[in-house]
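Next come a sequence and a model predicted from it.
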Amino acid sequence: MASVAELKAAIDAALQQIGDGQAAVQAASEKLAEAQQTLAGALEGSGHSTVDAAQASLSQAAQELEECLAATLAAVEQAQLYVSTL
Amino acid sequence: MSIISDLGAQVRAASDDLPIALVVEALDRLTLASERLRWVRQESVDPLGVPELSAATEHAETAGHALRLAQDQLATYLAAIGLGRDGTPAARPPGPAGERPGPPAAEPLAAPRRVAAGPAGRWWAVRVAELFDRRDAPAVEPDREITDAEELLRRVTTGVRSGDRGRLQTELRAVEANVGLGLASVAPPVLRDLATTLLGHPPRAADLPRLRREVGSRVTDLLPNLPPAVLETLLSRVCRMPPPKNPVEQPHPADPAVAAGIVTGLLMQRLGVDQRPVTARAPRDTHA
């Protein structure tokens, strides 16, 4: 059976991984916003349905990244709450 | 550099800079974190944030799908305005004399020289035929009326509910790869709502066996060559669980998309509905 110290160490390691994941998601969101801006400028006035679809896909990606980050925050909160009860 | 080449270069550069690698890195980190928390969870009944982390992983995966889809759509656009994938003028197949690429707004989506209509776009149709065990099925005419995954999902779910397997596989094979791959983005939220309606509560880990029972054999009937791990991963995601550990091999990109569309149709058939149910979501269920 694992000791409390081992459980805490495992959760700490998981929290570290989540933190790294959050940093990657935030960096991805920033790069995505830059790409959206570049494409919006370059393709302004296109009206081509494939351009509209690509921009919708990018918006969806941005939304998913935002929700991903929110979910990681909730996961961290839950894990930290558990650690505080150990 | 001509104006159109300059435009192509800008679009290509923006497409190449899409943060797919960062999303993959985030997914790797979140997967590692999930594994550690699952280990801890073996020692505790507390959920420990595992469902939330599974939801985060699902969002990251969907973001990755959407980014790849956008890249594909931008490549299609470049091809439609007469540029290759690197933004430079592409070699054009023979066309009517005097044919010129029009301005982007005037270029019809179904232009005959679309790259996806050629061999490069056939991988999707080939894989769909394999999944349906219809490798010898005659080639289908590309259906360029379906240009978005939402419309394809409607058609797939209608096909599943009608029980017309032949029509279903024909419609799926006829779309272009970027539209078909979009099923992997648009179907999961609908699936989750359907499963919530079926179960009477948001699906969770304990509901996985029931979902398997509800759709497993029907999926096998429709897609006899779908690797079992693909369905298991899909249903695990619906239940906000991590995917099975150590899958034997990476699935073909078409597999999760086709499976998501088919399972959505099967759950609609099971529930007797023809559209996405309206479910009351708890605040945390929007991301948990």
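Perfect, thanks for sending it.

Can you give me the end-to-end span of stretch B:42-51?
One end of stretch B:42-51 sits 14 Å from the other (CA to CA, to the nearest Å).

Okay, buried residues for that stretch please.
By neighbour count on 16 or more other CB atoms under 10 Å in any protein chain shown, the buried set for stretch B:42-51 is B:Pro47, B:Leu48, B:Gly49, B:Val50, B:Pro51. No exception for glycine: its C-beta is placed from N, CA and C like everyone else's.

Please apply the same query to stretch B:214-223.
Within stretch B:214-223, the residues that count as buried by 16+ other CB under 10 Å are B:Glu214, B:Val215, B:Gly216, B:Arg218, B:Val219, B:Leu222, B:Leu223.

how near is the last one to B:Arg165?
Going back to what we said before, that points to B:Leu223. Using CB to CB, to the nearest Å, B:Leu223 is found at 10 Å from B:Arg165.

Kindly report the same for the second one.
The gap separating B:Val215 from B:Arg165 is 15 Å, by CB to CB.

before we move on, back to that, give me the common contacts of B:Leu223 and B:Arg165.
Shared contacts of B:Leu223 and B:Arg165, defined by CB atoms under 8 Å, 6 or more residues apart in numbering or on different chains, are found at B:Phe132.

Low-confidence ranges, the stretch 101-250 of chain B, go.
Within the stretch 101-250 of chain B, the ranges that satisfy pLDDT under 70 run B:101-121, B:143-144, B:242, B:245-250.

can you give me the helices for it?
B:122-131, B:149-162, B:165-174, B:177-181, B:183-199, B:208-222, B:228-238 (DSSP state H, counting those that start in this stretch).

looking just at contacts, which helices and strands does the last one meet?
It refers to helix B:228-238. Counting contacts by 3 or more CB pairs under 8 Å, 6 or more residues apart in numbering or on different chains; DSSP states H and E, helix B:228-238 packs against helix B:50-80, helix B:183-199, helix B:208-222, helix B:254-271.

Buried deepest among the ones you listed, which one?
helix B:50-80 (a mean of 26; mean count of other CB atoms under 10 Å in any protein chain shown).

Now do the end-to-end distance for stretch B:135-149.
Stretch B:135-149: ends 24 Å apart by CA to CA.

would you turn the helices of the stretch 101-250 of chain B into TSV with distance to B:Ala66?
Formatted as TSV, the helices of the stretch 101-250 of chain B follow (distance: least, CB to CB, whole Å):
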stretch	distance to B:Ala66
helix B:122-131	17
helix B:149-162	10
helix B:165-174	20
helix B:177-181	10
helix B:183-199	5
helix B:208-222	24
helix B:228-238	15
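
Below-threshold pLDDT in chain A: ranges please.
A:1.

which stretches of it form helices?
Secondary structure of chain A, counting by DSSP state H: helices at A:4-42, A:49-85.

Show me what counts as buried in the longest one.
So that's helix A:4-42. The neighbour-count check on helix A:4-42 (16+ other CB under 10 Å) flags A:7, A:10-11, A:13-15, A:17-18, A:20-22, A:24-25, A:28-29, A:31-32, A:35-36, A:38-39, A:42 as buried.

restrict the residues you listed to contacts with chain B.
The subset of those within reach of chain B, by CB under 8 Å from any CB of the partner chain, is A:7, A:10-11, A:13-15, A:17-18, A:20-22, A:24-25, A:28-29, A:31-32, A:35, A:38-39, A:42.

for the helices of the stretch 101-250 of chain B, which one sits closest to B:Asp17?
Shortest separation from B:Asp17 across the helices of the stretch 101-250 of chain B is recorded for helix B:177-181, at 18.9 Å, computed as CB to CB.

residues in contact with that closest one?
If you take CB under 8 Å, 6+ apart as the criterion, helix B:177-181 is touched by A:53, B:65, B:68-69, B:72-73, B:76, B:116, B:121, B:123-124, B:128, B:146-149, B:152, B:172, B:253-254, B:257-258.

Can you give the distance of that helix from its chain's centre?
Put simply, helix B:177-181 sits 7 Å off its chain's centre (CA atoms, centre = their mean, to the nearest Å).

ok, now stretch A:38-57?
24 Å.

Can you mark which positions in it are buried?
A:38-39, A:42-43, A:46, A:48-57.

tell me the two of the residues you listed that are most distant?
The largest separation in these, counting by CB to CB, is between A:Thr38 and A:Ser49 at 20.2 Å.

And for residue 24, nearest residue in space, chain neighbours not counted?
All of this is about chain A. Counting by CB to CB, 6 or more residues apart in numbering or on different chains, A:Ala24 lies nearest to B:Ala26, which is 3.7 Å off, once chain neighbours are set aside.

Please refer instead to chain B.
Leaving aside its sequence neighbours, B:Val24 sits nearest to B:Gly64 (CB to CB, 6+ apart; 6.7 Å).

I'd like to know how far that neighbour sits from B:Ala33.
As defined by CB to CB, B:Gly64 lies at a distance of 17 Å from B:Ala33.

A:Glu66 now?
The value you get for A:Glu66 to B:Ala33, if CB to CB is used, is 19 Å.

Run a quick check on the residue nearest to A:Ala24 versus A:Gln17, I expect a contact.
No: counting by CB atoms under 8 Å, B:Ala26 stays clear of A:Gln17, with 10.2 Å between them.

what's the straight distance from one end of stretch B:137-153 to the other?
22 Å.
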